[in-house]
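1. Sequence and predicted structure are below.
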Amino acid sequence: YREYLQKLLDTGHAYYCDCSAEDVQRRRQEALKAGRKPKYDGRCRERGLGPGPGRVVRFRCPQVGTTVLNDVIKGPIEFDNAELDDLVLFRSDGMPTYNFAVVVDDVSMGITHVIRGDDHVNNTPRQILLYQALGAPLPRFAHVPMILGQDRTRLSKRHGATSVMAYKEMGFLPEALVNYLVRLGWSYGDQEIFSREELVEKFELDHVGSSASVFDMEKLLWLNAHYLRKKSPEELQSLIQPFLREMSLPEKDATFLERAAATLQPRSRTLKELAEGLRFYLVDHVTYDDQAARKFLTPDMIRPLRLLMERLQVLDRFTEESVEKIFRELAEEMGVKLGKIAQPVRVALTGVTASPGLFEIMDILGKEAVIRRLAQACAFMESRKDSEKTL
């Protein structure tokens, strides 16, 4: 930075200034009161000062003419040089300022494209003038529109904006987040879903939009669900392990987890949601949703569930097909619809009224676990029956 600063000093594009911050601020306030632009008034421009304690180095900005930014996304933008300030390049503590440092970084690294948020547009004319003063080639500037919240204001934490790693903790897949963020300000026809390879192949700055995009969590969830459904059973069980550990759920073997996760895969939008949905598969004692229990685990269901347990107990092959056959036979014998028995059993096994296919769940849980949970449900209904008698 000192090397490039010296170039500017040697060519007369920079000068030392001993105005204190307090004096500069006071004169800015006076300019405002007089209706002038509150910029540095150039008091030290022609004083020929050298280095010294408390002195800064300022850029000698042209006071006439215009500086044109040919932005790849926004097109040509013209700035009046008379509106620009003699910005500080080096502070009195010997540290370079942002606008000078980024130009030196880009020149020394041979940067060809500067792609950034359009909140940096106002910095760009100053940086262009610095490139020109250093005799360095200009990079191509592309200012990308900001991302807005649903209320059309700049995205902030109150909209849920957070770090990329926080989205990982929320159960979003990297390919979904990359796909969503790229599409947020860029388009390629009507295509919504892109692999990483497709994005590399098809992305061009020319297709980046010039207006701000709105961050839509529902759209991100839809996209994440798409990528979640594409995962193989092996990938899925590996991805959900950290979430299961975080929830302190009992460990199960990989095959069991693969089968269980597959039943929730089509109805889950995030890995965290899927892991939470697996709870009933993994716990020893199911917690009943209060409303579901009041509606379906009623004393009149004790007899049907006990009959079901007896028939399941003697099954040689405990499969979806054999279990469903027993359900249908029992419902026919009792003269009721299948759902009359199936829904209380669903609550007994999962604790809730909505779940993957009941017979598929039973097959995965296995005979022992199913009969144990049905027995627990019967005991629960017996206790409710006794409490009602007491009342």
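-> All right, it came through fine.

2. Could you chop this protein up by domain?
-> Split into domains by the TED database, the chain comes to 1-65+81-109+122-138, 164-228, 231-282, 290-389.

3. possible to save the ones you listed as JSON lines with mean neighbour count, distance to Lys74 and mean pLDDT?
-> Backbone N, C-alpha and C define where each C-beta goes, glycine included. Shown next, in JSON lines, are the domains of the chain (neighbours: other CB atoms under 10 Å; distance: least, CB to CB, whole Å; pLDDT from 0 to 100):
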{"stretch": "domain 1-65+81-109+122-138", "mean neighbour count": "15", "distance to Lys74": "10", "mean pLDDT": "94"}
{"stretch": "domain 164-228", "mean neighbour count": "15", "distance to Lys74": "6", "mean pLDDT": "92"}
{"stretch": "domain 231-282", "mean neighbour count": "17", "distance to Lys74": "35", "mean pLDDT": "94"}
{"stretch": "domain 290-389", "mean neighbour count": "16", "distance to Lys74": "49", "mean pLDDT": "93"}
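
4. Ok, which of the ones you listed comes nearest Gln150?
-> domain 164-228 (6.3 Å; CB to CB).

5. gap between that closest one and the chain center?
-> Domain 164-228 has its C-alpha centroid displaced from the chain centroid by 10 Å (CA atoms, centre = their mean, to the nearest Å).

6. Just the endpoints, please. Distance across it?
-> 18 Å (CA to CA, to the nearest Å).

7. related to what we said a few turns ago, can I get the domains of the chain in a markdown table including distance to Asp151?
-> Below are the domains of the chain laid out as a markdown table (distance: least, CB to CB, whole Å):
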| stretch | distance to Asp151 |
| --- | --- |
| domain 1-65+81-109+122-138 | 24 |
| domain 164-228 | 9 |
| domain 231-282 | 23 |
| domain 290-389 | 32 |
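
8. quick one, which of these is nearest to Gly149?
-> Per CB to CB, nearest to Gly149 of the domains of the chain: domain 164-228, 6.2 Å.

9. Look through this protein and tell me its longest helix.
-> helix 367-390 (DSSP state H).

10. Which residues does it contact?
-> Identification of contacts with helix 367-390 by CB atoms under 8 Å, 6 or more residues apart in numbering yields 285-286, 288, 293, 297-299, 301-302, 305-306, 308-309, 312-313, 315, 318, 344-345, 347-349, 362, 365.

11. Give me the subset of those residues lying in helices.
-> Per DSSP H, those map to helices at 293, 302, 305-306, 308-309, 312-313, 344-345, 347-349, 362, 365.

12. residues contacting Glu204?
-> Applying CB under 8 Å, 6+ apart to Glu204 gives no contacts.

13. 10 Å - rerun?
-> 72, 186, 188 (CB atoms under 10 Å, 6 or more residues apart in numbering).

14. same thing with Gly42?
-> Taking CB under 10 Å, 6+ apart as the test, what Gly42 contacts is 15, 17, 58, 60-61, 63, 85-86.

15. Throw the residues you listed into CSV and include secondary structure, thanks.
-> Formatted as CSV, those follow (DSSP: H, G, I helix; E, B strand; the rest coil):
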residue, secondary structure
Tyr15, strand
Cys17, strand
Arg58, strand
Arg60, coil
Cys61, coil
Gln63, coil
Asp85, coil
Asp86, coil
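
16. Identify, from the residues you listed, the entry nearest to Tyr1.
-> Taking CB to CB as the measure, Tyr1 lies nearest Arg58 of those, at 14.9 Å.

17. shouldn't the closest one be in contact with Asp41?
-> No. Contact between Arg58 and Asp41 fails when scored by CB atoms under 10 Å: they sit 11.4 Å apart.

18. which residues are common contacts for the two?
-> Shared contacts of Arg58 and Asp41 (CB under 10 Å, 6+ apart): 19, 85-86.

19. which among these gets closest to Arg116?
-> Distance to Arg116 across those (CB to CB) is lowest for Asp85, with 20.7 Å.

20. Quick check: that closest one touching Cys61?
-> Yes. Contact criterion CB under 10 Å: Asp85 and Cys61 qualify, at 6.6 Å.

21. Need the overlap of contacts for those two.
-> 39-40, 42, 126.

22. Sort out for me which of the residues you listed are in strands.
-> Judged by DSSP state E, strands contain none of the shared contacts of Asp85 and Cys61.

23. what residues are up against the residue nearest the centre of the chain?
-> Closest residue to the average C-alpha location of the chain: Tyr167 at 4.1 Å, with CA atoms, centre = their mean. For Tyr167, the contacting residues are 160, 173-174, 176-177, 180-181, 220, 224, 270, by CB under 10 Å, 6+ apart.

24. need these in JSON lines with distance to Leu244 and secondary structure, can you?
-> Formatted as JSON lines, the contacts of Tyr167 follow (distance: CB to CB, whole Å; DSSP: H, G, I helix; E, B strand; the rest coil):
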{"residue": "Gly160", "distance to Leu244": "25", "secondary structure": "coil"}
{"residue": "Leu173", "distance to Leu244": "17", "secondary structure": "coil"}
{"residue": "Pro174", "distance to Leu244": "20", "secondary structure": "helix"}
{"residue": "Ala176", "distance to Leu244": "20", "secondary structure": "helix"}
{"residue": "Leu177", "distance to Leu244": "22", "secondary structure": "helix"}
{"residue": "Tyr180", "distance to Leu244": "25", "secondary structure": "helix"}
{"residue": "Leu181", "distance to Leu244": "28", "secondary structure": "helix"}
{"residue": "Leu220", "distance to Leu244": "23", "secondary structure": "helix"}
{"residue": "Asn224", "distance to Leu244": "18", "secondary structure": "helix"}
{"residue": "Thr270", "distance to Leu244": "14", "secondary structure": "coil"}
